[in-house]
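Okay, predicted coordinates and the sequence, questions at the end:
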Amino acid sequence: MNQPKGWTFMNENGSFALRTPQDTQYLYFPLVNEAGMMSSVTPTLHGDAKTGHNTFLTPPVSVEDLHNSRASRNFWVHIEGEEVWSAAGSSPKQHAEAFSGKREDTLLEAGFLWHKITRTHPALGLTAEITSFVPNTDDAVEYMRVKLTNGGSRTLTVTPTAAIPMYARSADDLRDHRHVTSLLHRIAVGEYGVHVQPSLSFDERGHRVNRVTYSVLGAEGDGTAPVGFFPVLEDYIGEGGSLEWPKAVVTHAKPHAAAGDSAEGYESVGALRFREADLAPGESRTYVLALTVEEDRPDETRLARDYLSEARFGQLLEESVVYWEAKLGKLAFRSGDRDHDLWMKWVTLQPVLRRLFGNSFLPYHDYGRGGRGWRDLWQDCLALLFTEPAEVRHLLLNNFAGIRMDGSNATIIGSKPGEFIADRNNIPRVWMDHGAWPFLTVLLYLHQSGDLGFLLEEQPYFKDIHIKRCKDKDLEWKPLDGSVQRTADGEIYRGTVLEHLLLQNLVPFYHVGEHNIIKLEGADWNDGMDMGTKRGESVAFTAFYASNLMELGKLLRELERRTGLAEIQVSEEMVLLFDTLSAPIDYGSIGEKHRLLDAYYERTGHTVSGRRTALKIGDAARDLEQKGQWLARHLQEQEWIAQEEGIGWFNGYYDDDGNRVEGVTPDGVRMTLTGQVFHLMGGTATEEQAAQMAAAVNRHLKDPRIGYRLNTDFGGIRQNLGRAFGFAFGHKENGAMFSHMAVMYANALYKRGFVREGHDVLDSIYRLSADFERSRMYPGVPEYINERGRGMYPYLTGSASWLLLTELTEVYGVKGGYGDLLLDPKLLRTQFDAEGKAGVVTLFAGKMLRIVYSNPNGADAGAYTVRSVRLNGSGVETEQRPEGCAVKRETLLAAGGEAVDVEVELI
Ligand code: G1P
């Protein structure tokens with residue numbers, strides 16, 4: 001068997017090509033639009049198409065279905081006197097020849113955001129080129145064009161039949177009344193295709209009258225309608241047949257149905273028969289298919305006009321390419337490595353995909369019902385701040401409505417911004433890291449925009465039955481009160497964004513376990529650390545909260561300095577949490593911390609007073625800084641593990657038996673990457689420790705085959721820590737190279753000035769992901785790389801946001817400083833091109849900045865500084881700040897045009 005050579009970029013747009021993609025398992029490509037169509041397509045046209053959990057047009061698939069199930073999009077060609085050929089490559093014969101010399105020649109090409117598979121019948125020279133995309137229209141439609149070309153020497157008489165299995169219902173029904181729900185099917189045959197509008201929908205919402213209609217429509221390139229249809233699945237496949245060998249096609253049966261016919265109560269298929277045609281040598285014929293999900297019975301005439309011709313297909317494809325180019329063009333990197341830059345384009349796409357798909361709806365992501373988790377909501381905003389900035393302020397503000405008065409947050413997030421839903425299943429759970437992320441994202445926003453007024457915007461709090469971080473219930477609360485926190489007078493209580501942030505970070509400070517470390521609760525960033533709910537503690541995220549507290553203090557001082565604001569208003573109950581302002585407690589005493597927190601809980605469990613207290617900004621800042629510094633000292637004194645001269649790291653966890661998790665044990669070294677990252681990022685590790693930690697990571701976690709692992713092998717399942725340790729070592733949250741944490745590690749290294757080490761991490765992620773023979777994935781960063789080196793869970797991962805953020809703000813050093821532009825590149829010499837240039841395009845202050853760094857002396861990071869900055873050819877004044885060379889926002893705004901050329905000389 002020939003090994004695939006891997007994909008190669010075909011042009012500067014990032015389109016890539018891959019020969020014989022069917023030789024690789026589990027490959028799939030996402031297709032999506034803002035109107036809600038979400039599709040995945042494989043080289044054999046497998047995958048699925050849906051608009052949500054309850055509205056799958058084709059049967060929902062998980063990765064193993066991609067090779068297991070026969071229910072895929074297919075396009076059959078009956079060739080008179082020859083055979084029946086699947087242009088999609090899905091027939092028994094094609095499978096049987098997979099490893100033989102008779103294997104069909106195929107080529108996969110894909111770009112933003114289209115997928116094309118070309119397949120040639122080896123004996124007849126008949127080629128099928130099948131292009132799929134989801135157009136950027138207001139319809140939820142997946143669009144396919146099949147072009148048959150006779151590359152042989154004699155005329156072929158062909159009769160095509162397109163066949164798209166129509167599941168037409170909720171994913172819940174896959175293993176819950178699959179048959180019964182087929183009885184709901186109402187099938188109507190139109191002029192161009194098959195429409196299925198089930199009478200009722202059966203899903204978690206109950207049994208409801210259904211209006212949603214699923215359609216498979218088709219026409220020849222010139223708009224000629226199909227000649228007939230086979231709408232009922234069991235008739236189409238026939239007794240003894242299957243979707244991969246359908247009797248209707250194989251026996252060349254006459255169509256079973258025509259426009260105006262209907263059927264009820266059967267599984268259905270969008271099987272469309274096109275007229276017989278003679279294909280002379282060199283001649284081509286084109287067929288166009290539209291798979292739609294409409295809220296109600298569709299207007300077929302309109303759909304036919306809008307979609308069913310080759311001309312429309314070409315036009316919409318062009319528009320789609322322009323649309324994605326424009327979107328992705330908002331952030332682009334240019335270094336000395338073209339392939340890396342093009343690969344980064346695919347990474348830039350990923351946060352947009354996650355906004356559109358959520359964490360579900362691609363084959364590896366075979367869980368959830370759409371939507372995203374709280375943590376991901378905030379992580380994804382990091383990249384959207386650069387690529388889709390217009391919406392972000394609104395999005396961020398809305399997210400604050402999900403926070404409870406106890407600093408925890410709603411975990412069920414609705415589809416509309418700011419929509420948070422009370423937990424229906426009543427499985428209360430708090431992830432202890434959740435409170436830490438919003439501040440990080442908001443700080444980035446503030447630096448990018450200078451919009452300090454954002455902190456003073458008001459938002460309600462989320463309220464449900466759960467109180468005391470889900471450790472108790474407020475039995476007075478009624479769902480009828482709505483999911484908002486009310487005052488004793490029944491009014492909706494609103495607090496500033498700043499107040500929300502303070503609560504999120506202050507409550508955990510008191511919520512400590514027996515080592516005076518913040519409790520692990522339901523888990524932290526690692527969702528798999530979920531079995532330390534009683535005595536578990538997360539040192540890793542205590543470090544994050546520690547630096548947040550210090551940074552919040554700094555931010556308050558900045559707020560005062562920049563706006564002249566002398567006081568902040570907080571809810572009167574919250575004043576307790578600023579203990580140093582009235583009755584300071586001993587932070588070393590766990591009991592005192594708990595008592596204070598209990599007192600706060602008592603006052604906020606059901607309603608709040610609605611009254612506010614003014615705090616002097618300076619006092620509040622000092623209180624926060626004292627807390628942060630106390631924590632930092634405590635971590636330093638208690639959690640450092642010194643292995644040997646030059647090698648040490650921080651313990652990251654305590655388990656449910658109260659035992660320290662990390663260290664050098666008789667069974668080997670136990671170390672996590674998570675445990676190190678936030679000490680580095682937030683500064684709770686000293687300079688000296690940082691170097692020792694990097695050395696420890698290199699010794700214990702770095703594996704040239706799969707990269708920087710999340711942890712060493714702890715051995716055995718750990719029922720006192722989490723389900724992650726039930727996973728085999730080297731997989732997912734147990735010791736894989738988990739991109740999100742690895743990228744955050746790189747980010748932290750860059751922040752601390754460990755440029756080469758940071759670069760090594762990013763470079764390793766790129767190389768492992770792009771090494772197709774091992775990673776077996778298309779360009780982009782996977783959620784993780786497993787023990788075999790395979791890239792898993794492509795496309796939908798928070799690591800993409802972090803990778804973009806790290807490249808832009810650390811590697812290229814382009815960041816905001818309360819609205820001003822800061823330039824502090826940390827590019828290595830090798831990252832500049834042959835002319836000593838490297839560039840990045842990014843949106844800042846509403847302008848497209850085309851930044852080009854010149855490094856005429858070929859100096860390395862650390863050996864150059866910004867000597868001069870020119871905007872549109874003219875030199876401008878800059879200011880040297882500790883965070884980098886600053887160009888004032890006003891200066892940028894004064895530069896003419898929407899796009900500004902920024903030339904930066906590095907000497
Ligand atoms: C996923 C989740 C993320 C979580 C991580 C580790 O990572 O989305 O919230 O922290 O697993 O459990 P992702 O797929 O975003 O890389």
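Now that the structure is in, tell me what you want to look at. Numbering: from 1, shown residues only.

alpha carbons only for contacts and neighbour counts from here, please
OK.

Whichever helix or strand residue 438 is part of vs the ligand: in contact?
Using DSSP states H and E, residue 438 sits within helix 437-449. No: counting by CA under 6 Å from any ligand atom, the ligand has no neighbours in helix 437-449; the shortest distance is 10.9 Å.

could you say what helices and strands that helix packs with?
helix 374-387, strand 814-817, strand 820-823 (3 or more CA pairs under 8 Å, 6 or more residues apart in numbering; DSSP states H and E).

and the first one, what's its mean pLDDT?
Mean pLDDT, taken over the full extent of helix 374-387, equals 91.

Equivalent analysis for the last one, please.
The average of the pLDDT scores along strand 820-823 is 98.

Any idea how far it is from the middle of the chain?
Computed by CA atoms, centre = their mean, to the nearest Å, the chain-centroid distance of strand 820-823 equals 28 Å.

in the lengthiest helix in the chain, what counts as buried?
Taking DSSP state H as the criterion, the chain has its longest helix at helix 539-563. Residues 539-560 are the ones in helix 539-563 that count as buried (16 or more other CA atoms under 10 Å).

between the helices and strands packed on helix 437-449, which gets nearest to the ligand?
helix 374-387 (5.2 Å; CA to the nearest ligand atom).

Which elements pack onto that closest one?
helix 338-357, helix 389-399, helix 437-449, helix 799-805, strand 837-844.

quick one: contacts of it?
For helix 374-387, the surrounding residues in contact (CA atoms under 8 Å, 6 or more residues apart in numbering) are 327-328, 330-331, 351-352, 354-355, 392, 396, 409-411, 413, 434, 437-438, 441, 444-445, 525, 798, 801-802, 804-805, 842-844.

ok, which residues in the chain are in contact with the ligand?
Proximity of the chain to the ligand, by CA under 6 Å from any ligand atom, involves residues 375, 376, 525, 526, 527, 528, 740, 783, 797, 798, 799.

Need those residues in a markdown table (columns: neighbour count).
Formatted as a markdown table, the residues of the chain next to the ligand follow (neighbours: other CA atoms under 10 Å):
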| residue | neighbour count |
| --- | --- |
| 375 | 19 |
| 376 | 20 |
| 525 | 18 |
| 526 | 16 |
| 527 | 13 |
| 528 | 19 |
| 740 | 21 |
| 783 | 23 |
| 797 | 25 |
| 798 | 28 |
| 799 | 26 |
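
Among those, which one sits closest to residue 107?
residue 783 (26.3 Å; CA to CA).

Report the contact partners of the closest one.
738, 739, 740, 791, 792, 793, 794, 795, 796, 797, 798, 799.

neighbouring strands for the lowest-mean-pLDDT helix or strand in the chain, and are they parallel or not?
Here the helix or strand of the chain ranked lowest by mean pLDDT, DSSP states H and E is strand 412-413, holding a mean of 80. Neighbouring strands of strand 412-413 in its sheet, by DSSP bridges, are strand 420-421 (antiparallel).

Pull the residues that contact the partner strand.
In contact with strand 420-421 (CA under 8 Å, 6+ apart) are residues 401, 402, 410, 411, 412, 413, 414, 462, 483.

Which members of those are classed as buried?
401, 402, 410, 411, 412, 413, 462, 483.

From these, pick the one nearest residue 41.
residue 413 (27.6 Å).

Tell me how many other residues crowd the nearest residue to the closest one once chain neighbours are set aside.
In this structure, residue 413 finds its nearest non-sequential neighbour in residue 420, 4.6 Å apart by CA to CA, 6 or more residues apart in numbering. Residue crowding around residue 420 was assessed by other CA atoms under 10 Å; the count is 23.

ditto for residue 668
12.

For it, give me the backbone phi and psi.
The phi/psi pair for residue 668 (degrees, to the nearest 10) reads phi 120, psi -180.

quick one on the thing from earlier: so how far is the least confident helix or strand of the chain from its chain's centroid?
Taking mean C-alpha positions (CA atoms, centre = their mean), strand 412-413 and its chain are 16 Å apart.

Please apply the same query to stretch 101-115.
That offset, for stretch 101-115, works out to 26 Å (CA atoms, centre = their mean).

ditto for stretch 192-212
On CA atoms, centre = their mean, the centre of stretch 192-212 falls 30 Å from that of its chain.

contacting residues around that stretch?
Residues outside stretch 192-212 that contact it (CA under 8 Å, 6+ apart): 54-55, 166, 168-170, 172-173, 181, 184-189, 213-219, 225-226, 229, 231, 259, 268-272, 293-297, 300, 304.

Name the residues of it that come out as buried.
192-203, 210, 212.

mind checking the end-to-end distance for it?
This stretch, stretch 192-212, spans 18 Å end to end (CA to CA, to the nearest Å).

Let me see the mean pLDDT of it.
For stretch 192-212, mean pLDDT rounds to 92.

go on, stretch 772-789?
Rounded mean pLDDT across stretch 772-789 is 97.

now stretch 769-783, how far from the chain's geometric center?
The chain centroid and the centroid of stretch 769-783 are separated by 16 Å under CA atoms, centre = their mean.

end to end, how far does it reach?
Stretch 769-783: ends 10 Å apart by CA to CA.

ok, now stretch 527-540?
End-to-end for stretch 527-540, by CA to CA: 14 Å.

quick one: that stretch to chain centroid distance?
24 Å.

How about stretch 761-779?
On CA atoms, centre = their mean, the centre of stretch 761-779 falls 18 Å from that of its chain.
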